[in-house]
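Enquirer: What follows is a predicted structure for the sequence shown.
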Amino acid sequence: MGIIVAIIATLIFGGLFMFYTQRELHSETKTVGAFQAKKFIPMGTPITDKEVEKIEVPVKIAKNLVTDSKYFDGKITTQNIGKEQYIFTNSLATGLVIRPGYGEVYIPTDLSKSAMAIPGELVDLYPIDRSSEGIELPPIFEQARVIHSLDQEGNDIDPGRGEALKNMAAKGDKIPVAIGIELPKDKISKVVLYAYNKNIYLVKSPQQ
C-alpha cells in the first residue's frame, strides 16, 4: 500500500513540476515588439522610420522600451543613441530641433500670457510697458516658433494636453510656465531683456 501511495505522490509531484516548468518557459520566451536604432542617432533628433526598426524582445525587459511608434510623435532624443541600442522612453522628450542661425530663449510667463502655446505653434511677442498705458506698441518679434512648453514643475507639456490647458484657463488657474521660443541670433538680446523683466505677452500668430 505504501509503495502505491509513493508512486501516486511521485506522479503528482512530477506533473506539477512539468506544469510549472512549462509555464515558466512560456513566460521566458514570450516577446513583444520594441524599437532599436538602425544607426547612431545624435541628441536632438526627431525619430522617423529611417532611424529605428522594430524587433522582438522578451516581455520582461520591455517595460521601459518604446513599443509603439506613436510615442515618437512630437519628440526628439535627449541623448545620443548608439547603433542597435534599444530606444528607452526616458531618452525622448517633447520638443523641436532648433534651426541653424537660431537660438532658443525661455520666456517666463503664466497661462494667460503664454497663449497656451505648445511646440510647433507660432507666436507673436508683444512688449508689456506699464508706463505706456493706452499706447499701442508693435510686437518685438512675429512668427516665432515654439520649441518647448514647460509646466510649473519644469516638465515638457505634451502637445496632446492642449485641451487640458484650455480647461485650466477656463477655471481661472494661473499655473506658471516657461515657453521656449526659437529666435534669430540677432534678435535674442532684445527679447532676453524683456523676458528677464517678465514683460512679454505671447499671442498666437497665423499658423503656416
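Expert: Structure received.

Enquirer: Now residue 91: phi and psi?
Expert: The phi/psi pair for residue 91 (degrees, to the nearest 10) reads phi -100, psi 10.

Enquirer: domain ranges for this protein?
Expert: Domain assignment of the chain by automatic domain parsing yields the ranges 27-94, 102-204.

Enquirer: Could you export those as JSON lines, including mean pLDDT?
Expert: As requested, the domains of the chain are exported to JSON lines (pLDDT from 0 to 100):
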{"stretch": "domain 27-94", "mean pLDDT": "87"}
{"stretch": "domain 102-204", "mean pLDDT": "81"}
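
Enquirer: now those domains in CSV, with mean neighbour count?
Expert: The way it works is simple: take the backbone N, C-alpha and C, and place the C-beta from them, glycine included. Output for those, formatted as CSV (neighbours: other Cβ atoms under 10 Å):
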stretch, mean neighbour count
domain 27-94, 15
domain 102-204, 16
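
Enquirer: contacting residues around stretch 46-54?
Expert: 33-39, 41, 45, 69, 72, 75-77, 87, 92, 96-97 (Cβ atoms under 8 Å, 6 or more residues apart in numbering).

Enquirer: can you pull out the strands in this structure?
Expert: All strands of the chain, identified by DSSP state E, fall at 31-37, 52-58, 75-77, 92-94, 102-109, 122-127, 141-150, 177-184, 200-204.

Enquirer: So what's the gap between the second one and the chain middle?
Expert: This means strand 52-58. From the chain centre to the centre of strand 52-58 is a distance of 21 Å (Cα atoms, centre = their mean, to the nearest Å).

Enquirer: out of the strands of the chain, which comes closest to residue 64?
Expert: strand 31-37 (9.8 Å; Cβ to Cβ).

Enquirer: relative orientation of the closest one and strand 52-58 in degrees?
Expert: 140 degrees (axes from the mean of the first three to the mean of the last three Cα atoms, to 10 degrees).
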